[in-house]
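1. sharing a model that was predicted from the sequence below.
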Amino acid sequence: MTGVFSISPNAIDVEALRRTLATPGAGAVVCFEGRVRDRNEGRAVSSLSYQAYRELAEAEGRKIVEEARARFGIAHALCVHRVGELAPDELAVWVGISAAHRAAAFDACRYVIDQVKARVPIWKREHYVEGRAEWLHPSAEQAPPRT
Amino acid sequence: MKYRLLYFASLRDQAGSAEEAVASTARDPHALYAELAARHGFAFAPERLRVAVNGEFAGWNRELHEGDEIAFLPPVSGG
């Protein structure tokens, strides 16, 4: 795994990531797993495909992780986002934070996933059981806030 | 001037390719997007897109240079 934020075409190795978060001063580790749902807005989803502007996504993702470190005083932060075809229940995005205490770890984890969803150039295409497929391009009202 | 365009998600589908080389008289992303939208039938208003030039976010009035790599990014949906 390279860097604090990466785009991966391969399955995310959660155990390996979690080991890299360990540090003697960190009494709290908080991890978030974003998984593929089998439904969205009432439609049955058979699979998702994710596409990324890799160079810019990794740069923006690194920025978000650095913001979290500066803002919440955590020990380590890591985030990996998948690209390619994913089936329901597959892990699409993973965020892990270690910190001295739990409050900062929870807050930083929430910050990283919210900002990744709002800012990082990654797109999902939903394939529906009924046969059609659509790129999701949420409007500003649907998207989580950028701040 | 010659530019390289990168397309993602629904814009990639509409353009029919992930990237293309274009020769254009446009000197900023705003003018360039207007040309491309007309040619490819892109429906997004510029307000819904973000611009990247040479791998970094950029403004719509940024001055473009020969060989710049430009991407118009539709609303993101990662996570």
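-> In hand now; what should we look at?

2. hey, which helix is longest across chain B?
-> Using DSSP state H to define each element, chain B has its longest helix at helix B:29-40.

3. now find how far off-centre that one is within its chain.
-> Its chain's C-alpha centre and that of helix B:29-40 lie 8 Å apart, by Cα atoms, centre = their mean, to the nearest Å.

4. give me every residue that touches B:Val76.
-> Applying Cβ atoms under 8 Å, 6 or more residues apart in numbering or on different chains to B:Val76 gives the contacts A:Lys117, A:Ala118, A:Arg119, A:Val120, A:Pro121, A:Ile122, A:Trp123, A:Ala143. Where you see a C-beta, it was placed from the backbone N, CA and C, and this is true even at glycine.

5. report the beta-bridge partners for B:Glu20.
-> Beta-bridge partners for B:Glu20, by DSSP bridges, are B:Leu5.

6. just give me the neighbour total for it.
-> Neighbours of B:Glu20 under the rule other Cβ atoms under 10 Å in any protein chain shown: 14.

7. how much space between the residue nearest the centre of chain A and A:Tyr50?
-> With distances taken as Cα atoms, centre = their mean, A:Val93 lies nearest the centre of chain A, 3.6 Å away. Computed as Cβ to Cβ, to the nearest Å, the A:Val93 to A:Tyr50 distance reads 9 Å.

8. kindly report the same for A:Asn40.
-> Note on A:Asn40: its distance to A:Tyr50, by Cβ to Cβ, is 14 Å.

9. A:Gln26 contacts A:Gly96, correct?
-> Gln isn't right for residue A:26; it's Ala. No - A:Ala26 is beyond contact range of A:Gly96, at 10.9 Å (criterion: Cβ atoms under 8 Å).
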